[in-house]
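Q: A structural model of the following input is requested.
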Amino acid sequence: MPKKTKPKEGNSKDAEPKKPKPSEEAIASLRQRYHQARDAQLRQWYADSQSTDSKVSTPAQIRLQTQMQLREHRKQFATLRRQRKNCKRREDAIGLSDLQEESKRANSAYASSMRLLKGKTTLLKPERVLGRWMTNPPTLQEVLDDINLDKMHDFGAFKVDQNLLTPHQENDEVIPEYKEDDDWVASVSKMNLHDTDQGQNKYQKNTAFLERPLYASQEEVSQDEQEEVKSIWMKHEARMVRRFEATMSESDVQTMLINQKQAFDQHHHYEHLVIEEHERTKNLTAANIVMFNNRYIRTCVNPTLELMCHNQGTWDIVSTKLWDYLDGSKSWISQDWILGGQMCIETFSDLPRVHVTFGTRTFSTDCVQLPTLVDPQPFALRAFCEQDGSNVLFSITFLTSGFLKVQFPALSIIQPDGGSKVVPTAETVLELVGVYTGMHG
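A: Got it, this is the predicted structure:
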């Protein structure tokens with residue numbers, strides 16, 4: 001009888017207890033933190049890409065263009081999968097053979113982009129990538145779009161070190177064939193979900209590029225706010241299902257809601273960033289008061305025009321409460337519509353004018369002298385509607401890092417829609433947050 005051998009330590013299935021499957025809450029928390037990290041990193045790279053210093057702008061332009069190429073590759077993989085499925089259903093052997101060759105080329109191109117991302121030798125030269133950026137540079141909004149096509153490992157595994165984009169660790173393994181995997185469960189499983197501090201530290205290690213701490217966990221949001229935001233979304237979701245279930249397929253409704261939920265979460269995230277910047281602005285002393293939007297001064301094409309970004313900037317202005325107000329809005333008929341507004345500051349004869357647009361209505365001020373320093377106190381303005389001539393009083397709070405608070409009469413935003421079931425009083429003021437998106441004109 002052969003002698004029984006004792007299994008080696010570590011090889012036994014019972015040697016290590018099986019980790020529990022992460023909860024939906026844990027996955028949602030990780031997803032939120034990733035979205036925050038992604039947004040902050042892309043904005044920083046874009047700001048660097050606009051610098052007049054080529055040592056700063058060139059690495060950022062190559063990095064962003066590579067990210068745009070990865071998105072195109074992933075779109076192509078999705079198309080190839082659909083085509084492969086159709087060929088199998090039709091039993092089209094020739095079509096499958098052609099797709100196999102096309103898939104090889106697509107995987108090769110994807111692998112080249114990934115190797116460039118990791119700073120490894122590749123046939124895809126950085127000069128070619130930079131040339132594509134110069135030919136058709138994307139806007140900030142285009143850089144921030146396509147969140148579903150970006151992956152956690154695109155951002156968590158890299159850092160910016162002395163303007164060089166370098167991996168945390170070298171690994172010469174062959175790039176595997178791209179697969180549309182869901183990163184969330186795998187990533188959450190690697191974290192110690194039963195030890196909040198340890199799990200948070202592991203995450204922050206991969207997001208060391210952030211300039212300020214994130215609202216990385218639900219504990220940093222008050223219970224009342226969690227419930228309020230959750231209630232707003234759940235009511236909106238229920239309304240959308242009732243509105244479209246008779247005219248759209250279930251999968252189309254789900255796709256629409258996924259896109260809207262991502263926008264809603266992003267608006268909530270922006271609100272937290274503005275809360276943080278408002279506190280930072282209040283804590284500034286006379287010795288370190290800063291010019292408004294100083295973070296973006298270096299993006300100006302002419303370094304002598306220090307206030308150019310201030311006087312000619314654009315901001316997205318959003319609020320989660322606006323989702324609740326626009327119950328029944330006619331605008332939701334367009335499945336791709338995402339609510340919110342835009343604010344633009346432009347200069348005439350050295351004096352700026354402010355334009356605030358919601359839907360088809362634009363409210364404009366006369367030429368005014370805006371503050372040049374950040375201030376936690378709101379700056380009052382009067383504007384007229386360019387469509388019907390009505391007047392409104394509103395205010396802007398200019399905060400650090402180019403963020404804003406905008407207090408605007410809720411009725412002026414909501415009433416013209418016509419379909420909204422919630423009609424606020426004339427005295428109701430809606431507070432929105434402004435996030436810098438670029439230079440105007």
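Q: can you list contacts of the longest strand belonging to the chain?
A: If you go by DSSP state E, the chain has its longest strand at strand 429-439. Here strand 429-439 makes contact (C-beta atoms under 8 Å, 6 or more residues apart in numbering) with 139-141, 270-271, 273-274, 293, 296, 299-300, 308-309, 312-319, 321-322, 325, 341-343, 396, 402-410, 413, 424. (Each C-beta comes from the backbone N, C-alpha and C, glycine too.)
Q: which residues sit in contact with Phe408?
A: 356, 392, 394, 429-430, 432.
Q: wait, which of those is closest to Ala28?
A: Distance to Ala28, by C-beta to C-beta, is smallest for Leu432 among the contacts of Phe408, at 25.0 Å.
Q: can you list the weak-confidence ranges in the protein?
A: 1-22, 119-125, 156-222, 285-312, 328-338, 416-422, 439-441 (pLDDT under 70).
Q: Please spell out which residues along stretch 374-392 are buried.
A: Buried residues in stretch 374-392, counted by 16 or more other C-beta atoms under 10 Å: 374-376, 381, 383, 385, 392.
Q: JSON lines please, covering the residues you listed and showing distance to Ala93 and secondary structure.
A: Converted to JSON lines, the buried residues of stretch 374-392 look like this (distance: C-beta to C-beta, whole Å; DSSP: H, G, I helix; E, B strand; the rest coil):
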{"residue": "Val374", "distance to Ala93": "66", "secondary structure": "coil"}
{"residue": "Asp375", "distance to Ala93": "70", "secondary structure": "coil"}
{"residue": "Pro376", "distance to Ala93": "69", "secondary structure": "coil"}
{"residue": "Leu381", "distance to Ala93": "68", "secondary structure": "strand"}
{"residue": "Ala383", "distance to Ala93": "66", "secondary structure": "strand"}
{"residue": "Cys385", "distance to Ala93": "63", "secondary structure": "strand"}
{"residue": "Val392", "distance to Ala93": "66", "secondary structure": "strand"}
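Q: Return the closest of these with respect to Met68.
A: Within the buried residues of stretch 374-392, proximity to Met68 (C-beta to C-beta) peaks at Val374, which comes in at 32.9 Å.
Q: Give me the phi and psi angles of the closest one.
A: phi -70, psi 150 (degrees, to the nearest 10).
Q: ends of stretch 239-252, how far apart?
A: Stretch 239-252 has an end-to-end distance of 15 Å (criterion: C-alpha to C-alpha, to the nearest Å).
Q: Can you give me the buried ones in that stretch?
A: For stretch 239-252, by 16+ other C-beta under 10 Å, it's 239-240, 244, 248.
Q: Relative to Asp146, which of the contacts of Phe408 is nearest.
A: Leu432 (24.8 Å).
Q: ok, that closest one - how many residues close by?
A: 29 (other C-beta atoms under 10 Å).
Q: What segments of this protein are helices?
A: Secondary structure of the chain (DSSP state H): helices at 24-49, 54-90, 93-117, 126-135, 140-144, 152-156, 183-189, 196-206, 223-244, 250-282, 308-311, 320-325, 410-414.
Q: so which of those gets nearest Ser349?
A: helix 308-311 (11.5 Å).
Q: domains in this protein, as residue ranges please.
A: 24-220, 223-439 (automatic domain parsing).
Q: Would you agree Val253 is in contact with Val241?
A: Yes: using C-beta atoms under 8 Å, Val253 is in contact with Val241, at 6.3 Å.
Q: Report the buried residues of the longest strand of the chain.
A: 430-439.
Q: do stretch 45-57 as well
A: In stretch 45-57, counting by 16+ other C-beta under 10 Å, buried: 45-51, 56-57.
Q: show me the contacts for Phe264.
A: 232-233, 236, 320, 323 are the contacts of Phe264 under C-beta under 8 Å, 6+ apart.
Q: what about Leu326, how many residues close to it?
A: So Leu326, with other C-beta under 10 Å, has 21 neighbours.
Q: and if you look at Trp315?
A: If we define neighbours as other C-beta under 10 Å, then Trp315 has 25 of them.
Q: Distance to Phe77 for the contacts of Phe408 - can I get that in a markdown table?
A: Below are the contacts of Phe408 laid out as a markdown table (distance: C-beta to C-beta, whole Å):
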| residue | distance to Phe77 |
| --- | --- |
| Val356 | 41 |
| Val392 | 49 |
| Phe394 | 46 |
| Val429 | 48 |
| Leu430 | 42 |
| Leu432 | 38 |
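Q: quick check, nearest of the residues you listed to His278?
A: When these are compared for distance to His278 (C-beta to C-beta), Leu432 wins out at 13.3 Å.
Q: Okay, and the beta partners of the closest one?
A: Counting by DSSP bridges, Leu432 forms beta bridges with Val406.
Q: JSON lines for the buried residues of stretch 239-252, including distance to Leu117?
A: Output for the buried residues of stretch 239-252, formatted as JSON lines (distance: C-beta to C-beta, whole Å):
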{"residue": "Arg239", "distance to Leu117": "41"}
{"residue": "Met240", "distance to Leu117": "37"}
{"residue": "Phe244", "distance to Leu117": "39"}
{"residue": "Met248", "distance to Leu117": "37"}
